[in-house]
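Chemist: What would the 3D arrangement of this be:
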Amino acid sequence: MAWFDREFIAVPEARKNQLVYKWPDVSIRRYSRAVVNADEMALFVKSGQVVATMGPGRHRIDADELPVLGALVDSVTGGNFYRAELYFVSTREFPGVKFGGRLADIVDPASEQVVTLRAFGEFALSVREPGQLITALAGTTDLTDPAAVRNWCSELLLKSMKVTITQGISGREWPILGLPAHLHAIESAVLRQTNTTLYEYGLRIPRMGNFDVTLAPEDAERLKRLAKDMTYIRLTGDFQRYAAGELALDAGHGLAQGGGGGGGFLGAALGLNAIAPHTTAHPAPATAQPAAMPICPACSTPNPAGGRFCANCGEHLKTPEPQHCTSCGHELPAAAKFCSSCGVATGR
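Modeler: Alright, predicted model coming up:
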């Protein structure tokens with residue numbers, strides 16, 4: 001019965017979806033029949049070296065057909081067995097291998113912002129050289145585990161993708177916010193880089209599918225907002241005017257929602273921009289009064305000191321006439337209700 005159980009050697013039907021199938025027994029009976037399918041190659045491996053191969057067809061495992069097997073005879077068995085590992089390697093293409101994950105943090109050359117890149121998709125995997133695959137990966141990866149080989153290839157693809165894309169972006173070949181328009185060029189570059197690495201392992205990735213490179217959502221929103229701000233500043237030609245308008249609109253939205261609006265990035269920039277021109281190397285006199293905030297005559301919106309046009313409606317702002325205390329003559333802000341010098345009510 002053992003003779004018939006071991007007479008035919010072939011890949012079981014349940015294992016035909018594997019890239020590599022290893023025959024479980026290293027003692028192979030002489031005159032056994034090996035069946036190699038049309039999309040397979042069979043390899044005898046001894047001490048990490050491929051000593052014989054069998055192409056598609058039916059083969060009798062005997063030194064008469066494969067002379068090199070004469071060196072593999074197991075003398076302990078009286079010459080009835082060969083001692084070697086037998087691998088069946090599929091030569092067909094395996095499509096639909098998924099990959100995806102975080103690539104790298106990179107500085108966008110255009111905005112100088114640090115962003116996170118992610119990539120997703122799938123690829124097809126095939127064996128370029130079966131012997132090279134067995135000798136290169138047999139000691140480092142479990143070739144009998146389909147998931148292990150595919151995961152290893154996915155990790156290698158992501159590593160090559162990281163190198164290729166970061167180099168392209170840093171060299172201003174591909175813009176961060178315009179990556180989808182360059183996916184074809186990126187895919188070609190990634191495949192060249194990956195297949196160069198896979199060459200020594202006897203593997204090849206012929207193509208990718210559903211491939212996409214994206215930014216983390218918060219990074220994409222931040223870059224879009226920054227791009228919008230820079231466009232508006234170029235259109236207005238005046239950062240302070242644009243920032244003042246943004247601050248006023250932000251404050252209006254905050255008041256409408258029952259809160260105190262904050263200016264965010266532009267509000268902070270406006271504050272710095274408004275304060276910087278009035279800063280001097282010498283401390284201001286103790287009697288100096290804060291400059292009055294011009295009130296728009298058209299819409300009554302308070303505007304930043306020193307502004308010449310209304311941040312809300314664009315109306316030209318007139319410089320208010322100076323106000324003086326009726327009692328002591330001290331100069332007062334336009335909206336003052338009491339004199340800061342003598343305390344007399346101004347009647348406003």
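
Chemist: Can you give me the neighbour number for Glu112?
Modeler: 8 (other C-beta atoms under 10 Å). (Glycine included, C-beta is placed from N, CA and C.)

Chemist: Name the helix or strand for Gly209, please.
Modeler: strand 208-215 (DSSP states H and E).

Chemist: swap in Ala52?
Modeler: Using DSSP H and E, Ala52 falls in strand 49-54.

Chemist: Work out the gap between the next helix or strand after that strand and the centre of the chain.
Modeler: Later in the chain than strand 49-54, the nearest helix or strand by DSSP H and E is strand 57-60. Centroid separation for strand 57-60 versus its chain: 49 Å, with C-alpha atoms, centre = their mean, to the nearest Å.

Chemist: And stretch 180-192, by the same measure?
Modeler: 14 Å.

Chemist: got the residue ranges for the helices in the stretch 101-250 of the chain?
Modeler: 130-137, 146-170, 183-198, 217-236, 239-256 (DSSP state H, counting those that start in this stretch).

Chemist: Show me which parts of the strand holding Ala52 are buried, residue by residue.
Modeler: By neighbour count with 16 or more other C-beta atoms under 10 Å, strand 49-54 contains the buried residues Val50, Val51, Ala52, Thr53, Met54.

Chemist: okay, the angle between that strand and helix 130-137?
Modeler: 150 degrees (axes from the mean of the first three to the mean of the last three C-alpha atoms, to 10 degrees).

Chemist: which helices and strands sit right next to strand 49-54?
Modeler: The contact analysis (3 or more C-beta pairs under 8 Å, 6 or more residues apart in numbering; DSSP states H and E) places strand 49-54 against strand 40-46, helix 130-137.

Chemist: Outside of it itself, which residues are in contact with it?
Modeler: 34, 36, 41-45, 66, 68-69, 71-72, 84, 130-131, 134-135 (C-beta atoms under 8 Å, 6 or more residues apart in numbering).

Chemist: Out of those residues, which end up buried?
Modeler: Buried among those (16+ other C-beta under 10 Å): 34, 36, 41-45, 66, 69, 72, 84, 130-131, 134-135.

Chemist: Show me which pair in these is furthest apart.
Modeler: Farthest pair in these (C-beta to C-beta) is Ala34 and Thr135. Separation: 20.4 Å.

Chemist: ok so, going back, could you dump the buried residues of strand 49-54 to JSON lines with pLDDT and distance to Trp23?
Modeler: Listed next are the buried residues of strand 49-54 as JSON lines, based on pLDDT from 0 to 100; distance: C-beta to C-beta, whole Å:
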{"residue": "Val50", "pLDDT": "90", "distance to Trp23": "14"}
{"residue": "Val51", "pLDDT": "89", "distance to Trp23": "15"}
{"residue": "Ala52", "pLDDT": "89", "distance to Trp23": "13"}
{"residue": "Thr53", "pLDDT": "91", "distance to Trp23": "14"}
{"residue": "Met54", "pLDDT": "92", "distance to Trp23": "12"}
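
Chemist: can those go into a markdown table with extra columns for distance to Glu112?
Modeler: Converted to a markdown table, those look like this (distance: C-beta to C-beta, whole Å):
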| residue | distance to Glu112 |
| --- | --- |
| Val50 | 53 |
| Val51 | 59 |
| Ala52 | 60 |
| Thr53 | 56 |
| Met54 | 60 |
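
Chemist: Let me know the closest of those residues to Cys328.
Modeler: Closest to Cys328, out of all of those and judged by C-beta to C-beta, is Val50, at 105.8 Å.

Chemist: Let me know the distance separating that closest one from Ala136.
Modeler: Val50 sits 11 Å away from Ala136, going by C-beta to C-beta, to the nearest Å.

Chemist: residue contacts, the residue lying closest to Phe123 once chain neighbours are set aside?
Modeler: Spatial nearest neighbour of Phe123, excluding adjacent residues (C-beta to C-beta, 6 or more residues apart in numbering): Met208 at 4.5 Å. Residues near Met208 by C-beta under 8 Å, 6+ apart: Gly121, Glu122, Phe123, Ala124, Glu187, Val190, Leu191.

Chemist: and these, which are buried?
Modeler: Of the contacts of Met208, these count as buried by 16+ other C-beta under 10 Å: Gly121, Glu122, Phe123, Glu187, Val190, Leu191.

Chemist: Could I get the residues you listed in JSON lines, plus columns for distance to Ala10?
Modeler: Listed next are those as JSON lines, based on distance: C-beta to C-beta, whole Å:
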{"residue": "Gly121", "distance to Ala10": "35"}
{"residue": "Glu122", "distance to Ala10": "30"}
{"residue": "Phe123", "distance to Ala10": "29"}
{"residue": "Glu187", "distance to Ala10": "38"}
{"residue": "Val190", "distance to Ala10": "37"}
{"residue": "Leu191", "distance to Ala10": "34"}
